[in-house]
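Chemist: quick one, what's the 3D model for this:
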Amino acid sequence: MQANLGNIFKNLEGSIVKGNKWYSTKTRGGGEVDSAAQSLSNKGFLRSHKPYAPSENVAEKIKNICLSLQLSNEPKYKLENLNEKFRFLDLCFKDFKHSVPNSKVHELETIGKIYVYQCSSGDVIRFYKTPVNTTVPYDALKQVKLPENLHIQYDYLRFHSETDTKFNGQTAFPKSSTLVTGLKYRGKYEGYEAKRSWP
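Modeler: Model prediction:
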């Protein structure tokens, strides 16, 4: 009997009672967070970033910024002072016309080496030498040379009675309207409102 009570109390050590329910105080594995992060990284092309193509002299520009702020341009120099880091990244933004996203500011810890393959992930030089491509994979297909037997229709074909030449304005769905509801495509595609007879 005492052995059973001892096991019960061992199991309840990491639990809290709220009402009639027991809640564990132990942290769960990060599987849910990891899967959410993986999902976000897969959808990365949907984020609104500006495209960025790095210039050839990124390392020289960053060294000049370090000199103007009287910072050490040593590759392993740590940007620990927040005011110093802000002024440095602000000048980098003005010079490169490419800002550091809020989610990456804490990762940029050092100035970095001249060559990208020698840089660690937290180096400013590596960040500014990394191009940002905002092309959606579907749009990237337009630049790919396709085989002769494959054709991709890039733009939608929408029926409109005034512009239809194939069927002389006759539609297969005479009482159905074609509405363009998205703000992005309202200027690109014209909607069609079907004439309806009452009831």
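
Chemist: per-residue pLDDT of residue 165, please?
Modeler: On the pLDDT scale, residue 165 is placed at 80.

Chemist: mind checking how far the closest residue in space to residue 95 that isn't next to it in sequence is from residue 96?
Modeler: Once flanking residues are discounted, residue 95 sits nearest to residue 61: 5.6 Å by Cβ to Cβ, 6 or more residues apart in numbering. Bear in mind the C-beta positions are built from the backbone N, C-alpha and C, glycine included. Separation of residue 61 from residue 96 (Cβ to Cβ, to the nearest Å) stands at 7 Å.

Chemist: for residue 35, same thing?
Modeler: As judged by Cβ to Cβ, residue 35 and residue 96 stand 34 Å apart.

Chemist: of the two, who's got more company?
Modeler: Between residue 35 and residue 96, counted using other Cβ atoms under 10 Å, the more crowded position is residue 96 (18 against 10).

Chemist: skipping adjacent residues, who's closest to the more buried one in space?
Modeler: Once flanking residues are discounted, residue 96 sits nearest to residue 128: 5.7 Å by Cβ to Cβ, 6+ apart.

Chemist: ditto for residue 87
Modeler: residue 69 (6.0 Å).

Chemist: same question, residue 73
Modeler: residue 66 (4.1 Å).

Chemist: tell me the secondary structure at the one you found.
Modeler: Per DSSP: H, G, I helix; E, B strand; the rest coil, the local secondary structure of residue 66 is helix.

Chemist: contacts only, for it.
Modeler: Counting by Cβ atoms under 8 Å, 6 or more residues apart in numbering, residue 66 touches 72, 73, 77, 88, 111.

Chemist: now do 7 Å
Modeler: Counting by Cβ atoms under 7 Å, 6 or more residues apart in numbering, residue 66 touches 72, 73, 111.

Chemist: residues touching the last one, list them.
Modeler: Shown in contact with residue 111 (Cβ under 7 Å, 6+ apart): 62, 66, 73, 74, 75, 77, 123, 124, 125.

Chemist: roughly how far apart are the first one and residue 112?
Modeler: Right, the one you point to is residue 62. Distance, residue 62 to residue 112, by Cβ to Cβ: 8 Å.

Chemist: for the second one, same thing?
Modeler: According to Cβ to Cβ, residue 66 and residue 112 sit 11 Å apart.

Chemist: domain parsing for this structure?
Modeler: Residue ranges for the domains of the chain, per the TED database: 57-129, 155-198.

Chemist: for residue 149, which of these is the nearest?
Modeler: Taking Cβ to Cβ, domain 155-198 is the member of these nearest to residue 149, at 20.8 Å.

Chemist: quick one: low-confidence parts of this protein?
Modeler: Applying pLDDT under 70 to the chain picks out residues 1-33, 36-47, 113-122, 199.

Chemist: give me the phi and psi for residue 78.
Modeler: Note on residue 78: its backbone torsions stand at phi -90, psi 140 [degrees, to the nearest 10].
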